[in-house]
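Chemist: I need the structure of the sequence given here:
(one chain, ligands or ions: 1)
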Amino acid sequence: MSLRPASASPAPSSAPGTLSIEGLTVAAGRDGTGPVLVRDLTLEVRRGRVLALVGASGSGKSMTCMAALGTLPPGARTLSGRTRLDGAECAPASLRGRQVATILQNPRSAFNPVRTMRDHALETLAALGLSGPDAEARITAAMAEAGLDEPARILPLHAFEMSGGMLQRMMIALALLAEAPFLFADEPTTDLDLLVQMRILDLLERLVAARGLGVLLVTHDMGVVARLADDVAVLDQGRLVECAPVEEVFQAPRHPVTRMLVEAHLALYGLELAP
Ligand SMILES: Nc1ncnc2c1ncn2[C@@H]1O[C@H](COP(=O)(O)OP(=O)(O)OP(=O)(O)O)[C@@H](O)[C@H]1O
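Modeler: Below you'll find the model as predicted:
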């Protein structure tokens with residue numbers, strides 16, 4: 001098992017250094033009268049660090065990200081909670097794009113099938129008020145940073161003409177266009193084959209170091225956690241049950257759910273937790 005060495009480059013002084021989610025409670029139902037899906041959750045994402053949000057399927061990981069950005073589906077509602085940038089409260093919807101970029105599990109479904117990559121990139125810049133004479137140069141630079149070196153070939157393509165790995169890189173390039181200090185990555189490698197997974201994780205690691213991005217990484221894959229995370233937050237039925245540096249989580253998990261996740265991961269390599 002290899003754990004990631006400590007990162008990180010310091011945040012530029014102008015951008016916020018921490019994004020906090022405080023006392024977040026989300027319940028099902030349009031009016032929030034259904035079962036509680038996330039309960040009184042507090043997390044802090046820091047620039048230059050990767051916080052992995054782990055837990056069983058249905059434990060509330062995606063709901064947490066969506067509530068923090070004001071993108072909950074109609075079937076769920078935030079009952080309480082605040083988001084803050086460096087301590088200053090801000091509306092979740094105001095974080096999207098400019099402060100927090102997002103990448104998702106299935107990049108193919110995130111792209112409009114009838115629009116080209118150039119259309120998507122120009123749309124992203126327009127939404128951020130960044131279209132201008134340097135738009136093409138910005139797009140090419142973001143693509144190069146995401147490992148897409150042939151913009152002239154790729155920009156006219158539609159999603160169906162590209163591999164999953166290329167699409168995930170393009171999604172990362174679109175996220176970089178916003179120059180947001182934080183990135184929410186919800187299962188960013190789950191649908192990719194192992195080699196492509198490894199390359200995307202390498203890319204994310206480089207971006208954290210080079211840009212001082214603060215990443216909230218949603219995953220159920222403890223291999224990805226070991227590879228990329230600095231800190232780990234464990235959810236169980238919507239509650240935060242453990243939050244600790246990654247080494248501590250792998251070496252001495254405290255909560256039964258954390259133990260189970262670590263044991264299942266170690267078992268893949270024929271290893272066991274030390275008693
Ligand atoms: N659109 C929705 N409306 C209401 N409840 C939902 C909706 N989508 C999911 N849920 C419920 O919210 C709870 C948390 O789901 P969430 O998607 O956040 O879990 P998760 O930890 O991200 O799971 P996974 O790893 O499977 O993606 C689950 O009980 C789920 O059934």
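
Chemist: chain neighbours aside, what residue packs nearest to the residue of the stretch 1-150 of the chain found nearest the ligand?
Modeler: Residue of the stretch 1-150 of the chain nearest the ligand, by Cβ to the nearest ligand atom: Gly75 (2.6 Å). Every C-beta, even on glycine, is put in place using the N, C-alpha and C of the backbone. Spatial nearest neighbour of Gly75, chain neighbours left out: Ala28 (6.1 Å); criterion: Cβ to Cβ, 6 or more residues apart in numbering.

Chemist: okay, now the one you found: neighbour count?
Modeler: For Ala28, the count of nearby residues is 16 (other Cβ atoms under 10 Å).

Chemist: endpoints of stretch 180-196, how far apart?
Modeler: Using Cα to Cα, to the nearest Å, the end-to-end distance of stretch 180-196 comes to 24 Å.

Chemist: thought Leu19 was touching Ala88?
Modeler: No. Taking contacts as Cβ atoms under 8 Å, Leu19 lies outside contact range of Ala88: 10.8 Å.

Chemist: neighbour count for these two, which is higher?
Modeler: Counted by other Cβ under 10 Å, Leu19 and Ala88 do not tie: Leu19 has more neighbours, with 25 against 8.

Chemist: give me phi/psi at Gly147?
Modeler: Main-chain dihedrals, Gly147, degrees, to the nearest 10: phi 90, psi 20.

Chemist: contact partners for it?
Modeler: Taking Cβ atoms under 8 Å, 6 or more residues apart in numbering, we find Gly147 in contact with 169, 199, 203.

Chemist: can we see that at 10 Å?
Modeler: 165-166, 168-169, 172-173, 199-200, 202-203, 206 (Cβ atoms under 10 Å, 6 or more residues apart in numbering).

Chemist: how close does Val262 get to the ligand?
Modeler: From Val262 over to the ligand the distance is 17 Å, taken as Cβ to the nearest ligand atom, to the nearest Å.

Chemist: kindly apply the preceding question to Val196 instead.
Modeler: In terms of Cβ to the nearest ligand atom, Val196 sits 20 Å off from the ligand.

Chemist: double-check that Leu216 belongs to a strand.
Modeler: Yes. The assignment for Leu216 by DSSP: H, G, I helix; E, B strand; the rest coil puts it in a strand.

Chemist: next one: it from Tyr269, what distance?
Modeler: Separation of Leu216 from Tyr269 (Cβ to Cβ, to the nearest Å): 27 Å.

Chemist: contacting residues for the residue of the stretch 1-150 of the chain closest to the ligand?
Modeler: Gly75 sits next to 28-30, 34, 37 when contact means Cβ under 10 Å, 6+ apart.

Chemist: center of this structure, which residue is that?
Modeler: Among the residues of the chain, the one closest to the centroid is Ala185, at 1.8 Å (Cα atoms, centre = their mean).

Chemist: correct me, but that one touches Cys65?
Modeler: Yes. Between Ala185 and Cys65 there is a contact at 9.1 Å, judged by Cβ atoms under 10 Å.

Chemist: hey, what's in contact with both of the two?
Modeler: Both Ala185 and Cys65 are contacted by 53, 102, 104, 216, 218, under the criterion Cβ under 10 Å, 6+ apart.

Chemist: can I get these in TSV with neighbour count, distance to Arg153 and pLDDT?
Modeler: Conversion of the shared contacts of Ala185 and Cys65 to TSV gives the following (neighbours: other Cβ atoms under 10 Å; distance: Cβ to Cβ, whole Å; pLDDT from 0 to 100):
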residue	neighbour count	distance to Arg153	pLDDT
Leu53	30	36	98
Thr102	23	26	93
Leu104	19	24	84
Leu216	26	33	97
Val218	23	32	96
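
Chemist: for Val241, give me phi and psi.
Modeler: Per degrees, to the nearest 10, the backbone of Val241 is at phi -110, psi -20.

Chemist: isn't it right next to His255, touching?
Modeler: Yes. Judged on Cβ under 10 Å, Val241 makes contact with His255 at a distance of 4.3 Å.

Chemist: now do the shared contacts for the two.
Modeler: Common neighbours of Val241 and His255 (Cβ under 10 Å, 6+ apart) are Val234.

Chemist: near the ligand, which residues of the stretch 51-200 of the chain? Just list them.
Modeler: 55, 57-63, 73, 75-76 (Cβ under 6 Å from any ligand atom).

Chemist: list buried residues within those.
Modeler: 55, 59-63, 76 (16 or more other Cβ atoms under 10 Å).
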